[in-house]
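1. prediction below, plus the sequence it came from.
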Amino acid sequence: MSFTTGLAVAGVVLATLVLSVLGGMLVTPWVLRAAARRSEAEGEVPLVRDPGPVPPPPGRVVPAAGPGVATGAVTSAPVPPPPPAGPPVPTSVPLVPAAPDPATGATPSDPGGPVGTEAVQTLRGGTWIGILERLAITGCLLAGYPAGVAFVVAIKGLGRYPELREHPVGAERFLIGTLASMIWAAATGLLGAAILGLLR
């Protein structure tokens, strides 16, 4: 390989890596926003934890029925104290659609979704992880080692698993962002590999 060919190969590799990283930084957020708009347009309602039966307010008279109580008799039922303040305790409470606000008819702010605040906070460091992911995928394809992509996917999935298990609302953002980033990195890597094939 001549010096000029080697220089051209190095230029193609560097340009492909830069295109992969910078293009991915534009494509991935665009795909996440498009997915969020699509969810809103289809009328998907954010899911919230089901609080279960709501006790009556303190001091409210509740009809009671049972042995020894005449039908239609009204007695005062004891009301349990409100739960202590503090961080929510993780439970296996089922998720149900959030109820719209009766005054405005709007659903509560979306805690989830691909661009929701909770999803963004749960997946901290996503920008840097995405940059490294795209560099690794593009580099593997340019080096002619496509099996390395499986290692990147495995490392990312295993690294994010604890956060996604604890905060499932971030799973949609993780999946959409990862797929968009990987498709962009693979496309640029394959394009760069094709150009390198022409130079050799």
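-> Right, received. Where do you want to start?
2. where do the strands of this structure begin and end?
-> 47-49, 62-63, 74-75, 95-97 (DSSP state E).
3. how about the contacts made by residue 27?
-> Residue 27 makes contacts with 180, 181, 184, as judged by C-beta atoms under 8 Å, 6 or more residues apart in numbering. Using the backbone N, CA and C atoms, a C-beta is placed for each residue, glycine as well.
4. which member of these is positioned nearest residue 5?
-> residue 184 (27.8 Å; C-beta to C-beta).
5. does the closest one touch residue 137 like I think?
-> No: counting by C-beta atoms under 8 Å, residue 184 stays clear of residue 137, with 9.1 Å between them.
6. anything in contact with each of those two?
-> Common contacts of residue 184 and residue 137, defined by C-beta under 8 Å, 6+ apart, comprise residue 20.
7. and for residue 144, the neighbour number?
-> Per other C-beta atoms under 10 Å, the neighbour tally for residue 144 reads 10.
8. gap between the closest residue to it other than its chain neighbours and residue 117?
-> Nearest non-adjacent residue to residue 144, counting by C-beta to C-beta, 6 or more residues apart in numbering: residue 193, 7.2 Å away. Using C-beta to C-beta, to the nearest Å, one gets 39 Å for the distance from residue 193 to residue 117.
9. which one's more surrounded, those two?
-> residue 193 (18 against 13).
10. now do the contacts for the more buried one.
-> Applying C-beta under 8 Å, 6+ apart, we find residue 193 in contact with 141, 142, 144.
11. and of those, the nearest to residue 169?
-> Nearest member of these to residue 169, counting by C-beta to C-beta, is residue 141, at 32.4 Å.
12. what's the burial count for the closest one?
-> Neighbours of residue 141 (other C-beta under 10 Å): 23.
13. am I right that it is in contact with residue 191?
-> No: at 9.3 Å, residue 141 does not count as touching residue 191 under the criterion of C-beta under 8 Å.
14. on that earlier part again, so how far is residue 146 from the residue nearest to residue 144?
-> 9 Å.
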